[in-house]
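Peer 1: Sequence and predicted structure, then a few things I'm wondering about:
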Amino acid sequence: MLSRVAENLYWMARYLERAENTARLINTTTQVLLDLPKGASFGWDILLKVVGLDKLFDEHYTEANEANIMRFLIQDERNPSSLVSCVRCARENSRTFREILPKEFWERVNGLYLYMREHAPAAAQNRAQRYEVLNQVVDRGQSLAGMLVGCMSHDLAYQFIELGRNLERADMTSRIVDINSAVLLPRDGGALEPIQERLWMSVLKALSAYQMYRRHVDVHVRGTAVLSYLLLDPHFPRTVRHCLAKIDECLSTLPDHAQAMRAARRSWRRLAGLRWEGLTPAVLHEYLDQCQKDFGDIHAAVSAQYFYREQPETLPPTQQQAA
């Protein structure tokens, strides 16, 4: 397979997964803000820091209010990770190699692009419409992923799609989990526990994990149990451990995977080394930051080996920003 084909398929999957998970993240943050009690501290600017876009936002906006942040994350094409940018790039990458993908897949990606072009402005401005539009992004993203699983040969091309999807998913799961570490709750012992339960329930629902958590872990939502489930459960498709297992599986089918596999194994070791004793929000945030750096190392190793083997320091500007 040509490296150009492999790279476009890999990034197509990453862009679609990023769009879906950004939609989930925005809806989760909205729900967290609605559930916060008086005296709790949390702002929309935290959302920019969690996704690592605060510096880019400051280059284009003077005030970090809800309207500006939603415009930046949903429709601003100066942001390569905005919903509109991600869907547009996924559409372009899939259009270039339509003969490799199922015909219906291209039609649905194009439909998602047209939907976002029409509804993104309203979603950025109106909170009620935003919820509906972002749910559409999630639903259509799930439909596209399911179509590839059921209607595409699981050959090398498919392995690069799976690799991109699961690397992006692991990264975005860690960022959605990180939202709660940024919430400073009031020191009211009597009300603290139910508030924390609602916040962690919002995280589970953002990842469509609430029902499976109740089935396999507990009917009660507790922070440590939720963290353990979303990071370490081997069976639920959106946990970090499950994504790393899929990355391992994809890499094992590709040639010359030693360097990328070493980066993936370092991430495995960090995940296994998490200590739950004394796990404060600050410690959790630092740990998740390190996990995200590990995912960046896996991406760098994959790019150097399969996409830019002859010139590993060179990346196209648009994909360099998105990485």
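Peer 2: In hand now; what should we look at? Predicted model only: the values in this text are computed from it and were never measured.

Peer 1: Who are the packing partners of the strand or helix carrying Cys243?
Peer 2: Using DSSP states H and E, Cys243 falls within helix 240-253. For helix 240-253, the packing partners by 3 or more Cβ pairs under 8 Å, 6 or more residues apart in numbering; DSSP states H and E come out as helix 156-178, helix 223-232, helix 258-272. Using the backbone N, CA and C atoms, a C-beta is placed for each residue, glycine as well.

Peer 1: next one: the following helix or strand past the longest one to chain centre, how far?
Peer 2: Right, helix 156-178. Using DSSP H and E, the next helix or strand after helix 156-178 towards the C-terminus is helix 189-206. Offset of helix 189-206 from its chain centre (Cα atoms, centre = their mean, to the nearest Å): 22 Å.

Peer 1: ok and helix 189-206 relative to helix 156-178, angle-wise?
Peer 2: Helix 189-206 and helix 156-178 are oriented at 170 degrees to each other (axes from the mean of the first three to the mean of the last three Cα atoms, to 10 degrees).

Peer 1: So what touches the helix holding Cys243?
Peer 2: Helix 240-253 has contacts (Cβ atoms under 8 Å, 6 or more residues apart in numbering) with 156, 159-160, 162-163, 166-167, 169-170, 173-174, 230-237, 257, 260-261, 264, 267-268, 271, 291, 298.

Peer 1: Helix or strand for Val87, just tell me which one.
Peer 2: In the assignment (DSSP H and E), Val87 maps to helix 83-96.

Peer 1: Now do the next helix or strand after that helix: which elements does it pack against?
Peer 2: Using DSSP H and E, the next helix or strand after helix 83-96 towards the C-terminus is helix 103-125. Counting contacts by 3+ Cβ pairs under 8 Å, 6+ apart, helix 103-125 packs against helix 66-74, helix 83-96, helix 127-151.

Peer 1: buried residues in helix 103-125?
Peer 2: Within helix 103-125, the residues that count as buried by 16 or more other Cβ atoms under 10 Å are 105-106, 108-109, 112-113, 116, 119-120, 123-124.

Peer 1: Specify which member of those residues is nearest to Arg71.
Peer 2: Each of the buried residues of helix 103-125 was checked against Arg71 using Cβ to Cβ; the closest is Ala124, at 4.5 Å.

Peer 1: dump the residue contacts of the closest one.
Peer 2: Counting by Cβ under 8 Å, 6+ apart, Ala124 touches 67, 70-71, 74-75, 130.

Peer 1: So how do I select the buried members of the residues you listed in PyMOL?
Peer 2: In PyMOL, a selection of the buried entries from the contacts of Ala124 looks like this (16+ other Cβ under 10 Å):
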select buried, resi 70+71+74+75+130
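
Peer 1: what would the contacts of Ala124 look like in a markdown table with pLDDT and distance to Ser94?
Peer 2: Formatted as a markdown table, the contacts of Ala124 follow (pLDDT from 0 to 100; distance: Cβ to Cβ, whole Å):
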| residue | pLDDT | distance to Ser94 |
| --- | --- | --- |
| Ala67 | 92 | 32 |
| Met70 | 95 | 27 |
| Arg71 | 96 | 26 |
| Ile74 | 96 | 21 |
| Gln75 | 95 | 21 |
| Arg130 | 93 | 26 |
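
Peer 1: Just give me the closest of the contacts of Ala124 to Val302.
Peer 2: Nearest to Val302, judged by Cβ to Cβ, of the contacts of Ala124 is Ile74 at 28.6 Å.

Peer 1: Distance-wise, check the spatially closest residue to that closest one that is not a sequence neighbour relative to Asp294.
Peer 2: Using Cβ to Cβ, 6 or more residues apart in numbering and skipping residues adjacent in sequence, the residue nearest Ile74 is Ala124, 4.5 Å away. Relative to Asp294, Ala124 is positioned 32 Å away (Cβ to Cβ, to the nearest Å).

Peer 1: And for Leu271, the neighbour number?
Peer 2: For Leu271, the count of nearby residues is 18 (other Cβ atoms under 10 Å).

Peer 1: angle of the helix holding Cys243 against helix 223-232?
Peer 2: If you take the same axes, to 10 degrees, helix 240-253 sits at 10 degrees to helix 223-232.

Peer 1: from the middle of its chain, how far away would helix 240-253 be?
Peer 2: Distance of helix 240-253 from the chain centroid (Cα atoms, centre = their mean) equals 16 Å.

Peer 1: Now do it and helix 258-272, the angle between them.
Peer 2: Using the same axes, to 10 degrees: helix 240-253 against helix 258-272 is 160 degrees.

Peer 1: Any buried residues in helix 240-253, and which?
Peer 2: Buried residues in helix 240-253, counting neighbours by 16+ other Cβ under 10 Å, are found at 240-248, 250-251.

Peer 1: Give me the residues contacting the helix holding Val87.
Peer 2: Looking at what lies outside helix 83-96 - Cβ under 8 Å, 6+ apart - the contacts are 8-9, 11-12, 15-16, 18-19, 22-23, 73-77, 79-80, 101, 105-106, 109-110, 112-113, 116-117, 120, 134, 137, 318, 322.

Peer 1: All set, thanks.
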